[in-house]
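In: quick one: sequence plus predicted model below, questions after.
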Amino acid sequence: MTHTEFINAYGTGKLKVTIDPAAAAKYLSARLLLPLFMMPVLGIGVAIALVGWVWTGLTVIAIGFITPRLIKRSAPHFVLTQALQDEQIYSEVTQSGIMQINLV
């Protein structure tokens, strides 16, 4: 199914899209480089806490810990939205098996 056919069929409700949440989270983590985001933020939070601003440091650590998890949790919706907008992402997620398309 081409990307244009996918958009038209999805818009009219002629297909059911199934997205593997674990695979989508892994794909999104790799695509957004979440570990590279998380590690410096956690380090900055520890440094701020050690300097004496304990509550601010703990807040930064919490943000660095929670934000990637929230992104991974919403990964299926994000992958579907991006697949509808970008043909390259549509090809990647369908070929890798992250997104399965079934005609209704």
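Out: Great, that's in hand. Numbering: from 1, shown residues only.
In: in this protein, which spans are helices?
Out: 3-12, 21-32, 34-51, 54-73, 75-85, 87-95 (DSSP state H).
In: winner for burial among these?
Out: Stretch with highest mean neighbour count among the helices of the chain: helix 75-85 (a mean of 18; mean count of other CB atoms under 10 Å). Every residue, glycine included, has its C-beta placed from N, CA and C.
In: for A62, what are its contacts?
Out: Residues in contact with A62 (CB atoms under 8 Å, 6 or more residues apart in numbering) are G45.
In: can you list the helices of the chain in a markdown table and add mean pLDDT and distance to I101?
Out: Formatted as a markdown table, the helices of the chain follow (pLDDT from 0 to 100; distance: least, CB to CB, whole Å):
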| stretch | mean pLDDT | distance to I101 |
| --- | --- | --- |
| helix 3-12 | 90 | 7 |
| helix 21-32 | 92 | 14 |
| helix 34-51 | 92 | 27 |
| helix 54-73 | 92 | 23 |
| helix 75-85 | 93 | 10 |
| helix 87-95 | 93 | 7 |
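In: can I get these in TSV including distance to N102?
Out: Formatted as TSV, the helices of the chain follow (distance: least, CB to CB, whole Å):
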stretch	distance to N102
helix 3-12	11
helix 21-32	17
helix 34-51	30
helix 54-73	24
helix 75-85	14
helix 87-95	12
